[in-house]
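Engineer: model this:
(chains A, B, C and D)
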There are 2 protein chains.
Amino acid sequence: MSNAEVLPLLEADGQVVVPCCPPLAERPMTAEEAETAARMFKALGDPVRLRLFSAVASHEGGEACVCDISDVGVSQPTVSHHLKKLKEAGLLTSERRGTWVYYRVEPSVLAAMGKLLALPAAA
Amino acid sequence: MSNAEVLPLLEADGQVVVPCCPPLAERPMTAEEAETAARMFKALGDPVRLRLFSAVASHEGGEACVCDISDVGVSQPTVSHHLKKLKEAGLLTSERRGTWVYYRVEPSVLAAMGKLLALPAAA
DNA sequence: CCACTGGTTCGACATGTGTCAACATAGACA
DNA sequence: TGTCTATGTTGACACATGTCGAACCAGTGG
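Structural biologist: From the prediction side, this is the model:
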């Protein structure tokens, strides 16, 4: 399965963000924009997923093996389930190297979410 | 209204006011931090809530009457339910003025979420 | 006082979600 | 080949959540 096709909001390559949506406060979001953006927020709306994501994002080299981050208080299948969700939301990518599977954050998506939350200087 | 830059995480109904968490990528979040931050993301993890929040945030004066934003394709009780959720997450505040109830965004919380998503320049 | 309008709360239902144990799969190595 | 370890998938379950209609509450104006 491909990581990119689930969330075609932005260029997977560079930092150039093809925004999924304008900033929240710029104008009312359309139903489609909201649907798209809500998927990302929902992915981070679970404590376990947030910890997993933070663990990957803060790990040296920007990537982490599952074995490095699976100490979040839930069973291993549950960890795998949450990592899959984060992948489907386009927040993480995974790659198998030998025995282990490494996860890595998708920085452009994070940037898109940050832009989404930005408040306009003058309202 | 407080203008503090401390990004308090408000919990509705007079509960604890907790400072928000460090950036996701700075270090692995603790369970408590994740619990706290996930509540905010979850609040924005629904398309209807996202549209309502965007409608309030983008409305002139930074506030909006329910009657101005209730055109999101769900019934009025559902709108009210979602606005309550956003309030409980500390993202909105409400005030009754005469016949109408006005909702307004909590800018410090929005800023906290933006900081949370910030990626450190060097990793 | 009563009726009307805007908004919330209640009760109920269907669907979604987080979780685990059990099983399956992929690679390493003997 | 076979076995061991590291992850992912499946099936089942309890619980949370989104939704609505009906009832209810708050102001306004007769």
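Engineer: Residue A:66 and residue A:77 touch, don't they?
Structural biologist: No: look at residue A:66 against residue A:77 with CB atoms under 8 Å: they stay out of range, at 11.6 Å. All C-beta spots, glycine's among them, are computed from the backbone N, C-alpha and C.
Engineer: Tell me which of these two has more neighbours.
Structural biologist: Between residue A:66 and residue A:77, counting by other CB atoms under 10 Å in any protein chain shown, residue A:66 is the more crowded of the two (17 against 8).
Engineer: How about that one: what's its closest non-neighbour residue?
Structural biologist: residue A:101 (5.4 Å; CB to CB, 6 or more residues apart in numbering or on different chains).
Engineer: ok, that neighbour - contacts?
Structural biologist: A:65-66, A:94-95 (CB atoms under 8 Å, 6 or more residues apart in numbering or on different chains).
Engineer: Closest residue of chain A to DNA strand D?
Structural biologist: For chain A and DNA strand D, the shortest gap (CB to the nearest atom of the strand) falls at residue A:77, measuring 2.9 Å.
Engineer: hmm, back to that, quick check: the farthest pair among the contacts of residue A:101?
Structural biologist: Taking every pair in these and measuring CB to CB, the maximum separation is 11.5 Å, between A:66 and A:95.
Engineer: ok, now how distant is the residue nearest to residue A:44 when sequence neighbours are not counted from residue B:51?
Structural biologist: The shortest distance from residue A:44 to any non-neighbouring residue, by CB to CB, 6+ apart, is to residue B:41 (4.1 Å). Computed with CB to CB, to the nearest Å, the distance linking residue B:41 and residue B:51 is 16 Å.
Engineer: Tell me which of those two has more neighbours.
Structural biologist: The residue with more neighbours, out of residue B:41 and residue B:51, is residue B:51; 26 against 23, by other CB under 10 Å.
Engineer: in chain A, which spans are strands?
Structural biologist: A:63-65, A:92-97, A:100-105 (DSSP state E).
Engineer: For those strands, give me CSV that also has mean pLDDT.
Structural biologist: CSV is the format used below for the strands of chain A (pLDDT from 0 to 100):
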stretch, mean pLDDT
strand A:63-65, 96
strand A:92-97, 96
strand A:100-105, 96
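Engineer: As JSON lines, these with distance to residue B:119 would be great.
Structural biologist: Putting these into JSON lines (distance: least, CB to CB, whole Å) gives the following:
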{"stretch": "strand A:63-65", "distance to residue B:119": "14"}
{"stretch": "strand A:92-97", "distance to residue B:119": "14"}
{"stretch": "strand A:100-105", "distance to residue B:119": "8"}
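Engineer: Compare these and report which one is nearest to DNA strand C.
Structural biologist: With CB to the nearest atom of the strand, the closest approach to DNA strand C among the strands of chain A belongs to strand A:92-97: 5.6 Å.
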